[in-house]
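Below: sequence and its predicted model.
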Amino acid sequence: MRRSLESSARRTTALREILVKYVIDVICRSTLGDTYKDQSTLVKVLFDIMIAVIQFDVTSYYPSAGFINVITGKKAKWLKLHKQFDDILEDILEQHRNNRPADGHDQADLVDVLLRIQESADLDLPITNDNVKAVILDMLVAGTSASSMATEWAMAELMRKPDIMKKAQEELRTTVKGNTITDADIESMHYLKMILKETLRLHGPPFLMPRISRKDCTVDGYHIPAKARILVNALACGTDPDSWEDPESFIPERFEKSSINYLGADFELIPFGAGRRVCPGISFGVGIIENALATLLYHFDWKLPNGLKPHELDLTEAAELSILPKHPLHVIPINVPLEK
Ligand code: HEM
């Protein structure tokens, strides 16, 4: 990510693509053990899936209206994407089957482990190839879109609030020594962590979480029958004026004296969900975003293109199922030479 930003220094740059590539790279290395051999095709397909997944789909509300997706060509596009991604997943499995690390070898990645479990004879419920592919797909799709979108939102908010960006950069530039930002550096970045919480409060990427009620209950005077499908709106929780002062404003300092966290125990802030289906990738996702933000803010200064003033930056949300900035963030990176 740093290299590609350095190569576009002082030029208007679309941050979204760079972030998506970075996140896919990190997730591939930890899931597949390395980047995929045709990483650029993987990035392109995942990018298309990410856009397709968050788009409004009429059949989610009116299942009988499937013909609309046929007429508009959406269905053909999805089938093509499905085939493209399935080919990639088959290829990944094949590659891993042909290059197995020895048992107990500490270089085994997630796919190696899944394949080893699949082959162990004593499973009551056998794991199929499709099961393994579904796990890889979950990791790549769920992880990529949410983490890259959250980072884009954080940068968009910081571009609009230069004072907050400056404070975060000062924290980084007085702590980090030299070229490499270490895990210990990130751990001590209290302000950066508050920025992340505030970003997820206002822009938690997947904001509607489906649940089914186990029994009849009443909430706030509304009767919810057993087995009703309900959508929990994380964004509404994060901006509820009963829980938050000045809820629509981006103020990381609100977390200075607050113990509210996003781990699923505080219902005012549930960007990762809560309960049994809470996001299993919280630490991974947080790590990805913190590292991305630290790199962006430590190594670069940032300007808006075309003389745009910070307050003129349009942070309108796209009216999709998962909210991403309607206008992809375009910024100008300025490489900061290291003094130390
Ligand atoms: C900022 C980053 C992320 C956010 C905001 C986020 C958010 C969420 C949310 C809201 C859910 C639904 C939880 C619920 O229904 O209670 C979820 C599920 C999930 N997330 Fe994440 N996620 C992030 C990063 C990741 C990463 C990096 C991975 C893995 C690489 C991941 C893997 C998953 C999976 C597999 C599920 C489905 C869990 C299930 O249904 O049991 N997520 N995520």
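Cool, got the structure.

So which residues on the stretch 1-150 of the chain come close to the ligand?
The stretch 1-150 of the chain comes close to the ligand at residues Ile27, Asp138, Met139, Ala142, Gly143, Ala146, Ser147, Ala150, as judged by CB under 6 Å from any ligand atom. Every C-beta, even on glycine, is put in place using the N, C-alpha and C of the backbone.

What is the nearest of those to Glu6?
The shortest approach to Glu6 among these belongs to Ser147, at 21.9 Å (CB to CB).

May I ask which helix or strand encompasses that closest one?
Using DSSP states H and E, Ser147 sits in helix 129-160.

Check the offset of the helix or strand following that helix from the chain's centre.
Counting by DSSP H and E, the element after helix 129-160 in chain order, helix or strand, is helix 162-175. Taking CA atoms, centre = their mean, to the nearest Å, the mean C-alpha location of helix 162-175 is offset from the chain mean by 23 Å.

Beyond helix 162-175, next helix or strand please.
For helix 162-175, the following helix or strand on the C-terminal side (DSSP H and E) is helix 183-187.

contacting residues around the closest residue to the ligand within the stretch 101-250 of the chain?
Closest to the ligand within the stretch 101-250 of the chain is Gly143: 2.8 Å, counting by CB to the nearest ligand atom. By CB atoms under 8 Å, 6 or more residues apart in numbering, the residues touching Gly143 are Val23, Ile27, Gly281, Phe284, Gly285, Ile288.

ok, which pair from the residues of the stretch 1-150 of the chain next to the ligand is furthest apart?
Once CB to CB is applied, those give Asp138 and Ala150 as the farthest pair, at 17.7 Å.

where in the stretch 201-340 of the chain is pLDDT low?
Residues of the stretch 201-340 of the chain that meet the criterion pLDDT under 70 lie in 319-322, 339-340.

Tell me the secondary structure at Pro210.
strand (DSSP: H, G, I helix; E, B strand; the rest coil).

Looking at strand pairing, list the partners for it.
Beta-bridge partners for Pro210, by DSSP bridges, are Leu231.

just to revisit the earlier point, which of Asp138 and Ala150 has more residues huddled nearby?
Per other CB atoms under 10 Å, whichever of Asp138 and Ala150 has more neighbours is Ala150, with 26 against 13.

what's that one in contact with, if anything?
Leu196, Thr199, Leu200, His203, Gly204, Pro205, Pro271, Gly285, Ile289.

restrict those residues to contacts with the ligand.
Gly204, Pro205, Pro271, Gly285, Ile289.

most neighbours, which of the contacts of Gly143?
Ranking the contacts of Gly143 using other CB under 10 Å puts Val23 first, with 27 neighbours.

Would you mind listing the outside residues contacting the helix or strand that contains that one?
Take DSSP H and E as the rule and Val23 turns out to sit in helix 15-32. Outside helix 15-32, the residues that touch it by CB under 8 Å, 6+ apart are 1, 4-5, 34-36, 39, 42-43, 46-47, 50, 92, 96, 109-111, 136, 139-140, 143-144, 147-148, 151-152, 155, 284, 288, 291-292, 328-331.

Just the buried residues of the residues you listed.
For the contacts of helix 15-32, a burial check counting by 16 or more other CB atoms under 10 Å picks out 1, 5, 36, 42-43, 46-47, 50, 92, 96, 109-111, 136, 139-140, 143-144, 147-148, 151-152, 155, 284, 288, 291-292, 329-331.

which stretches of the stretch 51-200 of the chain have low pLDDT?
Looking at the stretch 51-200 of the chain by pLDDT under 70, you get 54-56, 103-106.

Quick check: the residue nearest to Glu245 when sequence neighbours are not counted vs the ligand, distance?
Among residues not flanking Glu245 along the chain, Arg254 sits closest, at 7.1 Å (CB to CB, 6 or more residues apart in numbering). Per CB to the nearest ligand atom, to the nearest Å, Arg254 is found 19 Å from the ligand.

didn't Arg254 look like it was pressed against Trp244?
Yes: counting by CB atoms under 8 Å, Arg254 touches Trp244, with 7.4 Å between them.

for Leu93, what are its contacts?
Taking CB under 8 Å, 6+ apart as the test, what Leu93 contacts is Val111, Leu115, Asn129, Val132, Lys133.

give me the element it is part of.
Here Leu93 sits within helix 74-98, counting by DSSP H and E.

Render the CA-only coordinates of the helix or strand following that helix in PDB, please.
Next along the chain after helix 74-98, taking DSSP H and E as the criterion, comes helix 110-119. Extracted in PDB, the C-alpha atoms of helix 110-119 (Å, rounded to 0.1, in the frame of the first residue of the first chain):
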ATOM      1  CA  LEU A 110      -6.000 -21.900   7.300                       C
ATOM      2  CA  VAL A 111      -6.600 -23.800   4.000                       C
ATOM      3  CA  ASP A 112      -4.000 -26.500   4.900                       C
ATOM      4  CA  VAL A 113      -5.700 -26.900   8.300                       C
ATOM      5  CA  LEU A 114      -9.200 -27.200   6.800                       C
ATOM      6  CA  LEU A 115      -7.900 -29.800   4.200                       C
ATOM      7  CA  ARG A 116      -6.300 -31.800   7.000                       C
ATOM      8  CA  ILE A 117      -9.500 -31.800   9.000                       C
ATOM      9  CA  GLN A 118     -11.400 -32.800   5.900                       C
ATOM     10  CA  GLU A 119      -9.200 -35.800   5.400                       C
END
